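Participant: my questions concern the predicted model and sequence given below.
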Amino acid sequence: MKVKKLSEILKENPTYKPSWKVSKDLTRLYHPKFGEIERIVICDDAGNPLWDQYQISEGPLTPEGKRIPGSVVLPYYKAGGKYFLGLLYNERPIPLDPCTGKKGIISLEVPRGFALSGEIPTETAKRELGAETGKVIKKLHYLGKININTTFYETWIENYAAEIFKNKVSKFRPDATEKILRCEFYSTKEVKEMIKNDKILCGISKASILEFFLHFE
């Protein structure tokens, strides 16, 4: 997978129609599934402007105008008194490789995804885990909320751990647009070593794993 600037694509393919829309006043980018990016101004207590920045609000809207949070769901099973955690090998074209500085990495991540319209977070967790790992949930545990970056994100992600059936196959099919290579299970000791050695770079995944350790170890 490659990354190109939208300006490049529009020069090469003028008929391309971006799925993100721009508001008339040019202060907001919005998408019905992913949410919106809006330019805002931070003010003092009296309402005087201090600085401007962007604000990200993720997820689709309910009819009442509230955001539906996405879900991150860490699959696990227990064997021989030990926990084994499932991580995806996901091709991510945007991040810079910390070793080479080039764009694009194979990222070890916890399954996650945006909600569909009308979906509640537990339904999102079950669907995303099934589609991304092929596994079926035996029991779902709520772990907490994750805000990706409190400087810029208005919304949060619901975090779950999912005990799985090792041999059942999910009815949910993978998203054809995602480049998920495989899902592997590792002992908690191996996962801790991966984090220490910068093998897991995704902040959402690190937060999800940490909350798992707090609840289960």
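Facilitator: Ah, there it is.
Participant: now do the buried residues in the longest strand seen in the chain.
Facilitator: Criterion DSSP state E: the longest strand present in the chain is strand 82-96. Within strand 82-96, the residues scored as buried using 16 or more other CB atoms under 10 Å are 83, 84, 85, 86, 87, 88, 90, 92. Every C-beta, even on glycine, is put in place using the N, C-alpha and C of the backbone.
Participant: list just the nearest of those to residue 46.
Facilitator: The closest of the buried residues of strand 82-96 to residue 46 turns out to be residue 92 (CB to CB; 42.8 Å).
Participant: give me the phi and psi for the residue in the chain sticking out farthest from the centre.
Facilitator: Distance from the C-alpha centroid of the chain, by CA atoms, centre = their mean, peaks at residue 46 (36.2 Å). Note on residue 46: backbone dihedrals following degrees, to the nearest 10 are phi -90, psi 0.
Participant: from residue 2, how far off is it?
Facilitator: 48 Å (CB to CB, to the nearest Å).
Participant: again with residue 13
Facilitator: 14 Å.
Participant: which residue is the nearest non-sequential neighbour of residue 98?
Facilitator: What sits nearest to residue 98 in space, not counting adjacent residues and going by CB to CB, 6 or more residues apart in numbering, is residue 198, at 6.8 Å.
Participant: what does residue 18 give?
Facilitator: residue 6 (6.3 Å).
Participant: what about that neighbour, neighbour count?
Facilitator: Counted with other CB atoms under 10 Å, residues neighbouring residue 6 total 10.
Participant: and the furthest pair within the buried residues of strand 82-96?
Facilitator: 83 and 92 (25.9 Å).
Participant: which residues sit against stretch 39-51?
Facilitator: Here stretch 39-51 makes contact (CB atoms under 8 Å, 6 or more residues apart in numbering) with 27, 28, 52, 53, 54, 55.
Participant: quick check: residue 107 is in a strand.
Facilitator: Yes. Under the criterion used here (DSSP: H, G, I helix; E, B strand; the rest coil), residue 107 sits inside a strand.
Participant: that one against residue 94, yeah?
Facilitator: No. Contact status for residue 107 versus residue 94: not in contact, 10.0 Å apart, counting by CB atoms under 8 Å.
Participant: columns distance to residue 163 and pLDDT on top of the buried residues of strand 82-96, output as JSON lines?
Facilitator: Below are the buried residues of strand 82-96 laid out as JSON lines (distance: CB to CB, whole Å; pLDDT from 0 to 100):
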{"residue": "83", "distance to residue 163": "10", "pLDDT": "97"}
{"residue": "84", "distance to residue 163": "11", "pLDDT": "97"}
{"residue": "85", "distance to residue 163": "11", "pLDDT": "98"}
{"residue": "86", "distance to residue 163": "11", "pLDDT": "97"}
{"residue": "87", "distance to residue 163": "16", "pLDDT": "97"}
{"residue": "88", "distance to residue 163": "18", "pLDDT": "96"}
{"residue": "90", "distance to residue 163": "22", "pLDDT": "94"}
{"residue": "92", "distance to residue 163": "27", "pLDDT": "94"}
